[in-house]
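Student: 3D model of this:
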Amino acid sequence: MTAPGVAPDNDLPASDTGAPRSSRRIRHWFAGVGVAALAAVLGITLAVRGGATPACAAPPTGNAVHKGKASFYDAGRSGGNCSFPGPPADRLYVALGASQYSGSAACGSYLEVSGPKGKVRVMVMDQCGGCGPSKIDLSTEAFTKIADRSQGIAPVTYRAVVNPPLDGGLTFRMKGGASKYWFAVQVGNHGNPLRSVEAKGPGGGFRKAARQSDNHWAIEGGVGPGPYSIRVTDVYGRQATATGIRLVTKQVQRSTATLASLSPTPSSSPSAPPSPTIAPSPTPTESDAPTATVEALAGAAAPLDHPRC
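Tutor: A predicted model of the protein is given here:
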């Protein structure tokens, strides 16, 4: 990808017609090349430091199988670049390279990783700065399920887990600093990669939020003081709406809305989305908890609007 303001590589000076160029023109050309080269270097440096999403980047989806290598690391109590409150309870997580992390688009989705010793299901929680398109970085706990730690790096194959069974519904966490003038929320426990998040306050219409690189969804100008209705759509077209989300920052609010299957038993193989369901209404003791509806908009395992590279 060409850096902004920099001519593409094939944008060279026009060929000579046989007459020599003036020394001034030659000097200008060399100066232009030098500026372009410097701008290109600066652009690449800023892109790397800023965590820019590579062109044609997308998280693993559908039934595609990826072949590569896996290393391992320990994130401690951190929730990684996805800004989660912490790692999953089972500590089975993975960091992806920039192209598959895709500017946080992969956050909260799941992969099935197969190695020399077996398989493991892991949640995408982090970005691996040194990983190329075919390299992943597993948690130590996950790596030991598919290979011996002494290997250091192991050959693996991996693929997305479509509609992974999850314990409970969608969660929502308002970002610190969020207010009625600036809406920012993190959606959790969704299973499949998200395509869009929309929100509205009382009496308003839904407004589309913009995905942020830290795995929050923001609406400039806000949508009022809440409570909010938040509509979430995944890359396969499944959609769920939770209501009663309050403007309380840095606290996880749980809902009964779900984009995937409700089951305590993880499944490692992709499956078709379940039939549309209506989540039960909250009981009197849960009057402050968000309510939800869910609708299956698409049943195929192929993601919508998948980039063609």
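
Student: alpha carbons only for contacts and neighbour counts from here, please
Tutor: OK.

Student: How about Ala178, nearest residue that isn't a chain neighbour?
Tutor: Leaving aside its sequence neighbours, Ala178 sits nearest to Ala184 (C-alpha to C-alpha, 6 or more residues apart in numbering; 5.7 Å).

Student: Next up, the contacts around the one you found.
Tutor: 174-175, 178, 216-219 (C-alpha atoms under 8 Å, 6 or more residues apart in numbering).

Student: partner residues bridging it?
Tutor: Ala218 (DSSP bridges).

Student: Quick check: pLDDT value at it.
Tutor: pLDDT, Ala184: 98.

Student: For Thr144, see how far away it is.
Tutor: 37 Å (C-alpha to C-alpha, to the nearest Å).

Student: Which one of the contacts of Ala184 is nearest to Ala154?
Tutor: Proximity of those to Ala154 (C-alpha to C-alpha) peaks at His216, which lies at 32.6 Å.

Student: doesn't Val187 make contact with that closest one?
Tutor: Yes. His216 lies in contact with Val187 (C-alpha atoms under 8 Å); the separation is 7.4 Å.

Student: Now do the contacts for the residue nearest to Thr258 when sequence neighbours are not counted.
Tutor: Sequence neighbours aside, Gly169 is the residue nearest to Thr258 in space, at 4.7 Å (criterion: C-alpha to C-alpha, 6+ apart). Contact analysis of Gly169 by C-alpha under 8 Å, 6+ apart lists 189-190, 254-259, 262.

Student: go on, Gly108?
Tutor: 82, 123-125, 188-193.

Student: ok, of those residues, which one's closest to Thr241?
Tutor: Within the contacts of Gly108, the smallest distance to Thr241 is 12.1 Å, found for His190 (C-alpha to C-alpha).

Student: pLDDT at that closest one, what is it?
Tutor: His190 is given a pLDDT of 96.

Student: Surely it touches Leu170?
Tutor: Yes. Contact criterion C-alpha under 8 Å: His190 and Leu170 qualify, at 5.7 Å.

Student: and those two? which has more neighbours close in?
Tutor: The neighbour count for His190 versus Leu170, taken as other C-alpha atoms under 10 Å, is higher for His190 (28 against 25).

Student: how far away is that one from Val252?
Tutor: 14 Å.

Student: which residues do the two both contact?
Tutor: With C-alpha under 8 Å, 6+ apart, His190 and Val252 have common neighbours Thr171.

Student: related to what we said a few turns ago, by neighbour count, which of the contacts of Gly108 wins?
Tutor: That'd be Met125 among the contacts of Gly108, by other C-alpha under 10 Å, with 32 neighbours.

Student: ok, now how distant is Thr140 from Ala70?
Tutor: 11 Å.

Student: Please identify which of the two sits among more neighbours.
Tutor: Using other C-alpha under 10 Å as the criterion, Thr140 and Ala70 rank with Ala70 on top: 26 against 18.

Student: Now tell me what touches the strand or helix carrying the more buried one from outside.
Tutor: Taking DSSP states H and E as the definition, Ala70 sits inside strand 66-73. Outside strand 66-73, the residues within contact range by C-alpha under 8 Å, 6+ apart are 134-140, 143, 152-159.
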